[in-house]
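Asker: Only the shape, not the letters, is given here:
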C-alpha cells in the first residue's frame, strides 16, 4: 500500500468543500433512511444530474454518504415504529422495537448508532488494506476475465436479491437488451434505434436509473397510498448505559467481521449481512430465548454488520469495476458521468478520487454518530411529513434533472416510460435491480465477449483453459451451487423471524 | 423497500398486497418470450457474423435467446406457485393517470416553459392523487415551483426553458 497517496487522500477528504458535501450526503442519507418509500438507489439516481457540475471527488463523496447514511436512518424507524426504512434494518426491528416498548428506545438507538459507527469504521480500515491488493491482481485481467467477472456480478445480484432466480435472469436479460440500443461498440453500426437520432447514442444510464428506481418507485408507492399514520412513541436521550455496552461489545465485533466479509461478495450487501449477524448472535448467546424480546445484542450485531457491509461493498466497484448491488450500479454510473472508469486502474490513475472518497467515509461515519445521538428527535419529526406531499415534489425534481442532462424533452418521456416499466416489473414480480445492473455492465460484457472470441478464434472452451479466467469460471460454477443453498438458509431465517415477530406481540 | 423480509418483520401489518392470479403469472413469462422473439427477429436484420468474427447482430441474438429461455422457465415454474406477482388494484388507475399527466407535462415543457406546467402538475397531483385540500394544494404548488425556479434556474444555472426572466 502506498502510504503517501493514503495520506494525501486525507488531505482531499478534509478540504472544506468536501467536508460540506460529506455532511450534506450523510444528512440526506439519514433522512431518506427515516422516510419509508424512496431507497438510497432511487435517491442517488435522482440526484445524479445535479452532480454533473460538481468536481468528481465531491460528487462521489456526497453520493456515497447518502448510501451509508441511509443505513443509520433506517434503524430509527425500525426501533421506534417497527417500520424499517431500509431492508437492511428489518432484523433490527425485532429486538430494537421490543426494547422500545420496554421504554428503552433511547439506549437501543444509542447502541445502534455506536455499533454502526464501529462496524463502518472497521470496514473502512480493512478496505484500505484489501482494496490495493485486489486491484493489483485485477490489473492483469484481459477481456476473457472481464467477461466472466461481469457474468458473476450479474448472476450474484440476480440470485441474492429477493425475487425468484429465473425472474431475475429475465430482468437481467432485458437490461442487457436495452444496453444494445445505440451504436455497435466495435463497428459503429446503429442497432435497435428504430431510425431515430434520439436513440443513436444509446440510452443514458442516468435515464434508466432515474426511470426504474426513481419514477418507478414513486408510481409503485402511489398505488398503496392509504397507509395509516403511526404515532411515534416518546423516548429519552439516545445514550446507552454501561451495562448495554458491556452486553453488546462482542456482538459489535462479530457483526463487523460478518458484515465486512458478506459485503464484498457481489449481491451480498447489507441486508444479507444483518440477517446473518442476527443468526450468529442468537446462536452464540447463552440464553437464545431472550432474542425477540429485547436483547441488545440483537440490535448491536446486525447494525454493525449492515454498516460494515455497506462500506465493504465499495470494494468490488472500486477495484474490479463490478458493482456489487443496485446502489453501487448507480454509483458506477456517477463515476462514468465524471469521465472516471471504475476498475483496477482507478487507484493509480485517480488516487485523489479513490483515497479521497475512502477516507471521507471516516469523517462521514463520525458525522453520523454525532448527528444521530442528539438529533434523532429531529429526524423522527420528519415522519410527520406526508408521503403524498413528498411524491410530487420528488417527481418535479426528477423531471427537471432529466431535462438538464441533454436539454431534451424526449428524455423526460423516456424516464416516464421506464418508470411505468419499473412499476409493471414490480407488479409482475421482477426486481429492477438486476435489470439496471445488467444495463450498466451490458456494453462491457458485450465488448469483452466479442474481443475474447476474436482472440480465441471462436473457441468458447478457451475461457476454461486460460488459468485466470478458468479460475473465475470455477468461481462462477461454485456460486451457482452455493447461492441456492444460502437462499435456503435465509428463507428459513426469515420464516423464523416472522414466527417470532408474531409471538412477540 | 417493501419485500418479503419487511413484511416478515412487520408481522401484524395487514396490508400485504394481494397476490396476482395464474393469468398474471403466465403473462409475466409471456412478456420476456415476446420481447426475446422480437429482438431475435431484429437481430437477424443486422449482420450476425460468426463466433470468430462476431457481427453486430450476434450479441443481441444471444441475449434474445436468454430472454426466451427465461420466459419459458417463468411460465413453467411460477405458474404453479402463483405467489410472486401482485394483483392490480383500483390504485393502478391512479398510477396510469399520473404517468399520463407526466407525459403531458413533458410535452408542454419546451412549448410554454417549465413554470405553468409545473404548477399545474403539482396542483393536480396534490389535490387528486394525494387528496390534500384545495388551499393546501394551491399554496404548495406555487411555493414549490418558486423554490425550484430559484434553486435550478437562478442558483444552479440549469438551462430550463422558462417564461419569467430576470
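Answerer: Sure, I can see it. In this text the structure is predicted, and so the values were computed from the model without any measurement. Numbers count the residues shown, from 1 in each chain, chains lettered A, B, ... in the order given.
Asker: Give the closest residue to the residue in chain B sticking out farthest from the centre in space, chain neighbours not counted.
Answerer: Distance to the chain centre peaks in chain B at residue B:52, reaching 39.0 Å (criterion: Cα atoms, centre = their mean). Nearest non-adjacent residue to residue B:52, counting by Cβ to Cβ, 6 or more residues apart in numbering or on different chains: residue A:458, 3.5 Å away. Just so you know, the C-beta spots here come from the backbone N, C-alpha and C atoms, and that holds for glycine as well.
Asker: Flag the shaky bits of chain B, pLDDT-wise.
Answerer: For chain B, the stretches with pLDDT under 70 are B:1-17, B:79-83, B:166.
Asker: And the residue nearest the centre of it?
Answerer: The centre of chain B sits closest to residue B:99, judged by Cα atoms, centre = their mean, with a distance of 8.1 Å.
Asker: Distance-wise, check it relative to residue A:200.
Answerer: Per Cβ to Cβ, to the nearest Å, residue B:99 is found 26 Å from residue A:200.
Asker: returning to what we had before: hmm, who's touching the helix or strand in which the residue nearest to the centre of chain B is found?
Answerer: In the assignment (DSSP states H and E), residue B:99 maps to helix B:91-112. For helix B:91-112, contacts defined as Cβ atoms under 8 Å, 6 or more residues apart in numbering or on different chains pick out A:215, A:219-220, A:222-225, A:395, A:399, A:403, A:409, A:412-413, A:416, A:419-420, A:423, B:116-118, B:120-121, B:124-125, B:128-129, B:161, B:163.
Asker: Any quick ChimeraX command for the buried ones out of the residues you listed?
Answerer: To isolate the buried ones among the contacts of helix B:91-112 in ChimeraX, judged by 16 or more other Cβ atoms under 10 Å in any protein chain shown, type:
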select /A:215,219,220,222,223,395,399,403,409,412,413,416,419,420,423 /B:117,118,120,121,124,125,129
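Asker: What about the contacts of helix B:91-112, which are in strands?
Answerer: Taking DSSP state E, every one of the contacts of helix B:91-112 sits outside strands.
Asker: one step back: so which bits of the helix holding residue B:99 are buried?
Answerer: For helix B:91-112, a neighbour-count test (16+ other Cβ under 10 Å) marks B:91-92, B:94-95, B:98-99, B:101-102, B:105-106, B:108-110 as buried.
Asker: Next up, the contacts around residue 27.
Answerer: You didn't pick a chain, so chain A it is. A:69, A:371.
Asker: meant chain B actually
Answerer: For residue B:27, the contacting residues are residue A:428, by Cβ under 8 Å, 6+ apart.
Asker: check which helix or strand covers it.
Answerer: Here residue B:27, judged by DSSP H and E, is contained in helix B:22-45.
Asker: Lowest mean pLDDT among the helices and strands of chain A, which one is it?
Answerer: helix A:467-503 (a mean of 70; mean pLDDT, DSSP states H and E).
Asker: Can you tell me how far the residue in chain A that chain B sits nearest to is from residue A:416?
Answerer: Residue nearest to chain B within chain A: residue A:388 (2.9 Å; Cβ to the nearest Cβ). Distance, residue A:388 to residue A:416, by Cβ to Cβ: 20 Å.
Asker: Same question for residue A:380.
Answerer: Distance from residue A:380 to residue A:416, by Cβ to Cβ: 34 Å.
Asker: Kindly report the same for residue A:330.
Answerer: In this view, residue A:330 and residue A:416 are 19 Å apart by Cβ to Cβ.
Asker: how does chain B divide into domains?
Answerer: Split into domains by automatic domain parsing, chain B comes to B:16-81, B:91-155.
Asker: could I get those as TSV with distance to residue A:288?
Answerer: Conversion of the domains of chain B to TSV gives the following (distance: least, Cβ to Cβ, whole Å):
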stretch	distance to residue A:288
domain B:16-81	28
domain B:91-155	42
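Asker: so which of those domains gets nearest residue A:278?
Answerer: Closest of these to residue A:278 is domain B:16-81, at 22.2 Å (criterion: Cβ to Cβ).
Asker: and residue A:280, how many neighbours?
Answerer: Residue A:280 is flanked by 19 other residues according to other Cβ atoms under 10 Å in any protein chain shown.
Asker: which element is it on?
Answerer: helix A:269-284.
Asker: do you know how far the residue nearest to the centre of chain B is from residue A:213?
Answerer: 16 Å.
Asker: Could you do residue A:325 as well?
Answerer: In terms of Cβ to Cβ, residue A:325 sits 12 Å off from residue A:213.
Asker: do the same with residue A:73
Answerer: Distance, residue A:73 to residue A:213, by Cβ to Cβ: 18 Å.
Asker: wait, residue A:292 sits on residue A:96?
Answerer: No - applying Cβ atoms under 8 Å, one finds residue A:292 not in contact with residue A:96, separated by 10.9 Å.
Asker: out of these two, which sits in the busier spot?
Answerer: Using other Cβ under 10 Å as the criterion, residue A:292 and residue A:96 rank with residue A:96 on top: 32 against 19.
Asker: so which strand or helix has the residue nearest to the more buried one when sequence neighbours are not counted?
Answerer: Excluding its sequence neighbours, the residue lying closest to residue A:96 (Cβ to Cβ, 6+ apart) is residue A:79, at 3.7 Å. Taking DSSP H and E as the definition, one finds residue A:79 inside helix A:56-81.
Asker: and that helix, what other elements does it pack with?
Answerer: If you count contacts as 3 or more Cβ pairs under 8 Å, 6 or more residues apart in numbering or on different chains; DSSP states H and E, helix A:56-81 packs onto helix A:16-34, helix A:40-51, helix A:92-101, helix A:105-138, helix A:297-312, helix A:326-337, helix A:351-381.
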